[in-house]
Every structure is written in structure tokens, then in C-alpha cells.
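Enquirer: Pasting the sequence and the predicted coordinates here, then a few questions.
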Amino acid sequence: MKRHAAILAAATVLGVGAPGAMIAGAALAQAAAIPDVFTRPDKGNCIACHQLPGSLGRSGGDVGPPLAGARMRELGAAKLREIVEDPMKANPDTAMPPFGHHRILDAGELARIVQFLQALPDDAPPAVAPAAEGGVDAGAMQAVIERGRTLWLRKFKDKRSLAGCFPNGGRRIAAAYPQYDPRVKRVVTLEMAINQCLKAHHEDLYDAADPETMGAIVAYVRSLANGQKINVRIPAAAQARFDEGKRLYVTRMGQRNFACASCHVQAAGKRFGESTLASVEGQATGGPWVRNGRALTLQARMRECLERMGAAPFPAGSDELNHLEYYVTYQSNGMPLKMPRRSAS
């Protein structure tokens with residue numbers, strides 16, 4: 001809890017501001033026509049964070065407050081437009097994107113959102129069961145792990161293998177990564193350690209972002225450490241790298257002005273669309289996540305999140321992502337590694 005409180009103190013990046021009002025006098029019947037900009041992921045996507053009145057037949061997320069017509073009309077059209085256009089003016093810590101200020105929505109789209117909100121009915125949102133990230137797809141997971149095992153044991157030209165580069169053939173090593181290597185003065189992830197082995201044996205390196213090779217190998221090695229408690233160490237020489245990871249975690253990025261902490265600290269446990277937002281404490285215990293038979297590592301998921309923020313993702317294996325992974329994994333210290341999971345999206 002102390003660690004979580006410290007993250008909250010550093011993450012003055014969230015707190016969803018209350019939405020506003022629309023064009024006064026709009027007919028309530030218009031509320032049934034939900035505009036596409038309200039639901040499109042590349043536009044407002046308001047439905048991901050806000051619940052609508054139950055009579056509209058659509059559930060939503062609960063990161064932000066539920067939307068009801070009475071409150072929207074009480075705020076007034078001008079105030080509501082101001083909130084949607086740049087909510088940080090009213091609440092600097094809001095997680096709500098600056099839709100107009102960052103040109104996510106143009107003037108006409110802002111007007112459509114405002115008109116829709118003011119036309120909403122007043123009934124309560126529907127009761128929705130808590131969302132889950134998804135259960136284990138045992139067949140898909142086993143296929144990925146078996147593919148990783150084949151690559152792990154594949155003989156190099158010199159008759160060695162990846163298994164020969166690590167203690168005990170790679171068993172129980174995954175819980176100690178990422179780790180700081182004083183020889184190269186860098187944070188080394190499991191993916192980097194795998195490529196270091198390949199390089200030492202004059203083999204072609206794997207793309208750190210490739211789910212078919214590196215993702216499968218990481219899934220296999222983590223399966224060899226299933227149940228082991230995460231034990232990431234931060235020596236004095238690595239403190240600056242750890243601090244950089246923390247800074248990146250709480251820094252707003254991209255067109256949507258999100259930070260990692262926006263979802264995984266202050267909104268942790270809430271529903272974003274059809275998924276429950278995981279807490280930073282425990283994020284590193286799962287994965288790789290298997291989607292469509294492909295294994296996504298923690299860095300692959302981070303790159304996806306950066307894209308959703310509207311930010312150019314850091315390259316896989318970059319110092320930025322390595323430091324982020326270092327920080328995030330440390331937050332799960334003492335928690336056991338879990339078998340890879342199937343992603344819900």
C-alpha cells in the first residue's frame with residue numbers, strides 16, 4: 001500500500017472531470033441516435049469511459065462519471081462545450097482528453113457531441129457486471145509455449161543453444177528480469193539477454209517485437225519460472241534508470257494526453273470499454289499475452305498503449321521501454337509469476 005500511495009503522489013495526471021451540457025432545448029428523442037464520434041476509438045470514444053442512461057441500451061466504462069441529461073442541461077451548452085474541448089481548464093488532473101485543444105474533434109464534431117449530451121434522458125445507467133481481461137486459452141497458450149521451447153532448444157551452428165547460455169537451462173530465471181548489467185551499464189531485459197546469447201554464438205538476432213519468435217521464447221522461459229516470486233533489484237548504479245522509468249510512467253504523452261498512470265494507478269480496477277484496467281502492482285506478473293496465436297510481451301503491450309495515447313511508440317528494446325519495464329516490474333516484486341494469459345482485445 002505504501003508503494004501504491006507513492007505512485008499516486010507522483011501521478012498527478014488523472015481525476016476525470018465531470019462532463020458538461022449541450023445545446024439547450026434539444027429534443028430528448030434525439031438521444032437515441034448515438035453519434036459515431038461518441039463511440040469511435042479514433043474520435044471521442046466517450047463510451048469507453050462513461051455510462052449512458054439504460055434506456056439507450058448501451059453500457060459503457062466507469063472511468064468517468066455516468067452521463068445523465070439533467071446534469072448535461074444544468075451545465076449549459078457553452079460550459080459543456082468548454083469541458084469537452086479542453087477539460088484541463090477546469091481540472092488540470094483530469095484523464096479526459098483535450099478533444100478540441102488537441103484537434104481530436106473538429107468544431108462540427110464537438111457540436112454534435114454537445115447536442116447529443118444535452119438530449120440524453122435522465123434514467124440511470126444499466127447494471128453491468130465487472131469486466132475481465134479474459135481467461136486462459138489453454139490450447140493457444142500451450143501452442144505458443146511449445147513453439148518457444150523449440151526455438152529455445154534449437155541447435156546453433158556451433159551445436160550450442162539458447163538453453164546453454166543460462167543457468168539451469170533457463171529454469172527460474174525469468175523472475176529476475178529486467179536486471180541492471182554493470183558491464184554494459186544498461187538495464188537488460190530477458191529479450192536483450194536472449195539476443196546477447198545469439199550474438200555470442202554468431203547467430204542472427206531476433207526482433208524484440210516479433211511475437212512469433214521472441215514473444216514465443218519469452219513465453220516459454222516465463223513458463224519455466226511459473227510461481228516464482230518476482231525479484232527485481234535496483235542497485236545504486238541503476239537508480240537513474242529506474243527513476244527515468246518512473247518519470248515516463250507518470251508523464252502525459254500523445255494527442256490524447258494520457259500517462260500510463262492515468263489508467264493503471266488512479267483508474268486501476270475501473271472499466272475502460274470492455275476491459276478492466278489492471279493496477280501497476282501486478283501488471284508484470286502475467287504475460288506474454290496470447291492473441292490470435294501470437295505472444296505479446298510487456299513491451300509490446302506498452303507500445304500498443306502508446307499508440308492509443310496518440311503517441312509515437314518507443315522502439316522495442318529501446319532504453320525508454322527498458323526503463324519503463326524495469327519500473328513496472330519492480331512494482332510487482334514479491335508477487336508470483338503467472339502462466340501467460342489470453343488478451344481480451
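Expert: That came through, no problem. Not measured: the values here are computed from a predicted model.
Enquirer: what helix or strand does Ser59 sit in?
Expert: For Ser59, there is no host helix or strand (DSSP states H and E).
Enquirer: where do the strands sit along the protein?
Expert: 179-181, 186-188, 271-272, 275-276, 289-291, 294-296, 341-342 (DSSP state E).
Enquirer: what stretches of the protein score poorly on pLDDT?
Expert: 1-32, 129-136, 340-345 (pLDDT under 70).
Enquirer: Could I get the full set of helices for the protein?
Expert: 2-10, 36-39, 69-75, 77-85, 107-118, 138-153, 190-200, 216-223, 239-250, 260-264, 298-308, 319-330 (DSSP state H).
Enquirer: Highest mean neighbour count across those helices, which stretch is it?
Expert: Of all the helices of the chain, helix 216-223 has the most neighbours on average by mean count of other C-beta atoms under 10 Å, namely a mean of 26. Quick note: C-beta positions are derived from backbone N, CA and C, even for glycine.
Enquirer: now the angle from that helix to helix 138-153?
Expert: 100 degrees (axes from the mean of the first three to the mean of the last three C-alpha atoms, to 10 degrees).
Enquirer: what's the spacing between Thr189 and Tyr220?
Expert: 16 Å (C-beta to C-beta, to the nearest Å).
Enquirer: before we move on, back to that, nearest to Arg172, out of the helices of the chain?
Expert: helix 216-223 (9.8 Å; C-beta to C-beta).
Enquirer: count of residues packed around Arg154?
Expert: Neighbourhood size, Arg154 [other C-beta atoms under 10 Å]: 12.
Enquirer: tell me the contacts of it?
Expert: Each residue near Arg154 by C-beta atoms under 8 Å, 6 or more residues apart in numbering is listed here: Ser161, Leu162.
Enquirer: same question, the one 3 residues further on
Expert: Lys157 makes contact with His201, His202, Glu203 under the criterion C-beta under 8 Å, 6+ apart.
Enquirer: Quick one: neighbours of the last one, just the number.
Expert: For Glu203, the neighbour count with other C-beta under 10 Å is 17.
Enquirer: Excluding chain neighbours, what is closest to it?
Expert: Leaving aside its chain neighbours, Glu203 sits nearest to Phe156 (5.4 Å; criterion: C-beta to C-beta, 6 or more residues apart in numbering).
Enquirer: Would you mind measuring from that neighbour to Val218?
Expert: Where Val218 is concerned, Phe156 sits at a distance of 19 Å (C-beta to C-beta).
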